[in-house]
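Asks: test case, fold it:
(4 chains)
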Number of protein chains: 2
Amino acid sequence: MPNPLVRKLEQFTHLSAEDRGILERAGSVQVRRYAPGEDVIAEGEAPREVNLVLSGWGCRYKQLEDGRRQITAFFLPGDLCDLNIFILRAMDHSVSALTTLTVAQLTRETFEQLMDGHPRITQALWWEALVNIAIQREWTVNIGQRNALERVGHLLCELFIRLRATGLTSENGCDFPITQADLAAATGLSVVHVNRTLQELRHAGLIVLHGKHLSIPDFPALMKVSLFNPNYLHLDRVGRHMDAVE
Amino acid sequence: MPNPLVRKLEQFTHLSAEDRGILERAGSVQVRRYAPGEDVIAEGEAPREVNLVLSGWGCRYKQLEDGRRQITAFFLPGDLCDLNIFILRAMDHSVSALTTLTVAQLTRETFEQLMDGHPRITQALWWEALVNIAIQREWTVNIGQRNALERVGHLLCELFIRLRATGLTSENGCDFPITQADLAAATGLSVVHVNRTLQELRHAGLIVLHGKHLSIPDFPALMKVSLFNPNYLHLDRVGRHMDAVE
DNA sequence: CGTCCCCTTGAATGAAGTCAATACGCGTGG
DNA sequence: CCACGCGTATTGACTTCATTCAAGGGGACG
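Replies: Numbering: from 1, shown residues only, chains lettered A, B, ... in the order given. Predicted coordinates for the structure are as follows:
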């Protein structure tokens, strides 16, 4: 089972065997495991390394003084937190585990070696970073403009496609290990309303969500009611011209 | 009057005279002017260059099929659109002018020269990029968790501080050239409700907004009611240790 | 078997949206 | 200089989507 980052980056470009080896090695040193709910890094702390998710789900979140809490991103296997984060003195948000989570912690040095002299990797990591930013923008649109049904549907579409990019889906289903409270914190809705919204999606036959598993019987239909346009995920192998020849 | 990008980057690090010269020159070739409402680049187009705002305000926005429109970022003088945007094949959003807008268009080559062999500039540009991402995250929190009053107040705080970083404020005021419709599109509120919210901020004595000018008589008070914490703007000169000695 | 966490449902409330009419301010042209 | 027109701002009345409060149910695990 290859490193999920490798799988994902190959959505964008074909890596050489050497590139893959380098990434595999980087992702196998300094592996840490976190329990659900545990912070990987907290707001205010100094960022020390770039985290790469190997398995499990995590999230970024920010908390207001009065306790309100917003999840601003989900981390899935293969996801990397911001490149060059160590330029900043202190984290302005926290990262925590939603499930049991294993991450590889890439030191600044490892990371610089990774980018140095490996143009294909560098470009692929840039792509990764730009897609993450695009996702963040799309969340702004999602929360700002879509109603509850569209909002939850849109998020499910996004997560499904992102999981698919790392091979973590079956035909039309995937593991879905997070709670309705997590969905609420991510969509800016109340838990109660997320619950009602999921009911509605279920009754419309758009999703089957049970236990920790999600199925989407008719993905195009879910995309449609959610006004979901996948262009922001940039899965179109822009980097083709740089493909390794091997 | 120096290039506003230089002024802003010096919030983070002191640039050498040479660094400043390079940035000044980069910002003076390929200058274009746009009329209010005009698109600088539209969703679907191929990004060709990195845009640097010299004067005026612009925005990023995304539009849903049914016409709903969300502004996901404001561009102020000194702002740069995403580094390395040309890695992506097509824009997933549009950029347009809100006022008369002048931008310098940096070609891929200019841009690579800028980063190449100028570690202080490179680091400062990275800082710029990371701050932009942090702003995007904060907007997610703002729209997801804050009520109308907090949301509008928070946005005004952010804009004021960002303008101040490029020297575009007086003691407690600044030009504020955008419409209530723009504020509505950025906050995810209706125009009517933005209007009422501004009234409320006015009657509470927190803002004086008239014509195209904004004053904030008591900034700490506005920050407080908006639950505004400026840490995400990372104005704390992290890069001090890299300061040019001159 | 009990406890805890998560999910579910109902009823009442409330914040923000919509619709519609009116007012203001500024630039253009008579 | 004033009248017209257009974009922007303002206000009121009504509606709606989502929140809040509160209670109950179900499953996993010690």
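
Asks: I'd like the next helix or strand past the longest helix along chain A.
Replies: Of all segments of type helix in chain A, defined using DSSP state H, the longest is helix A:119-145. With elements assigned by DSSP states H and E, the helix or strand that comes after helix A:119-145 is helix A:148-165.

Asks: re the thing from before, from the chain's centroid, how far away is the longest helix of chain A?
Replies: Centroid separation between helix A:119-145 and its chain, computed with C-alpha atoms, centre = their mean, to the nearest Å, is 10 Å.

Asks: any residue of that helix up close to DNA strand C?
Replies: No - Helix A:119-145 lies apart from DNA strand C when judged by C-beta under 7 Å from any atom of the strand; the minimum separation is 8.9 Å. All C-beta spots, glycine's among them, are computed from the backbone N, C-alpha and C.

Asks: then stretch A:201-211?
Replies: No - Stretch A:201-211 does not reach DNA strand C (C-beta under 7 Å from any atom of the strand); its nearest approach is 7.8 Å.

Asks: for that stretch, how far is the first residue from the last?
Replies: Criterion C-alpha to C-alpha, to the nearest Å; first-to-last residue distance in stretch A:201-211 is 16 Å.

Asks: hmm, who's touching that stretch?
Replies: Stretch A:201-211 has contacts (C-beta atoms under 8 Å, 6 or more residues apart in numbering or on different chains) with A:149, A:152-153, A:156, A:173, A:176, A:198, A:214-218, A:221-222, A:225.

Asks: which parts of that stretch are buried?
Replies: Using 16 or more other C-beta atoms under 10 Å in any protein chain shown as the test for burial, stretch A:201-211 gives A:201, A:206-207, A:209.

Asks: among those residues, which lie within strands?
Replies: Mapping these onto strands (DSSP state E) picks out residue A:209.

Asks: could the buried residues of stretch A:201-211 be laid out in CSV, adding distance to residue A:231 and pLDDT?
Replies: Putting these into CSV (distance: C-beta to C-beta, whole Å; pLDDT from 0 to 100) gives the following:
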residue, distance to residue A:231, pLDDT
A:201, 23, 98
A:206, 21, 98
A:207, 23, 98
A:209, 26, 97
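
Asks: DNA strand C: which of the buried residues of stretch A:201-211 is nearest?
Replies: residue A:209 (7.8 Å; C-beta to the nearest atom of the strand).

Asks: follow-up on the earlier one: show me what the longest helix of chain A is packed up against.
Replies: The elements that helix A:119-145 packs onto, with contact taken as 3 or more C-beta pairs under 8 Å, 6 or more residues apart in numbering or on different chains; DSSP states H and E, are helix A:4-9, helix A:17-26, strand A:69-75, helix A:108-115, helix A:148-165, strand B:58-63, strand B:69-75, helix B:119-145.

Asks: what about that helix, near DNA strand D?
Replies: No - Helix A:119-145 is not in contact with DNA strand D by C-beta under 7 Å from any atom of the strand; minimum separation 10.2 Å.

Asks: what angle do that helix and helix A:108-115 make?
Replies: With axes from the mean of the first three to the mean of the last three C-alpha atoms, to 10 degrees applied, the angle from helix A:119-145 to helix A:108-115 works out at 110 degrees.

Asks: in contact with the residue sitting nearest the centre point of chain A, which residues are there?
Replies: For chain A, the residue nearest the mean C-alpha position is residue A:75 (3.7 Å; C-alpha atoms, centre = their mean). For residue A:75, the contact set (C-beta under 8 Å, 6+ apart) comprises A:53, A:57-60, A:81, A:95, A:101.

Asks: rerun at 7 Å
Replies: Shown in contact with residue A:75 (C-beta atoms under 7 Å, 6 or more residues apart in numbering or on different chains): A:53, A:57-59.

Asks: find the closest residue to DNA strand D in chain A.
Replies: For chain A, C-beta to the nearest atom of the strand, closest residue to DNA strand D: residue A:193, 2.9 Å.

Asks: how near is the nearest residue to that residue once chain neighbours are set aside to residue B:140?
Replies: Nearest residue to residue A:193, sequence neighbours excluded (C-beta to C-beta, 6 or more residues apart in numbering or on different chains): residue A:148, at 5.8 Å. For residue A:148, the distance to residue B:140 (C-beta to C-beta, to the nearest Å) stands at 17 Å.

Asks: right, I'll leave it there.
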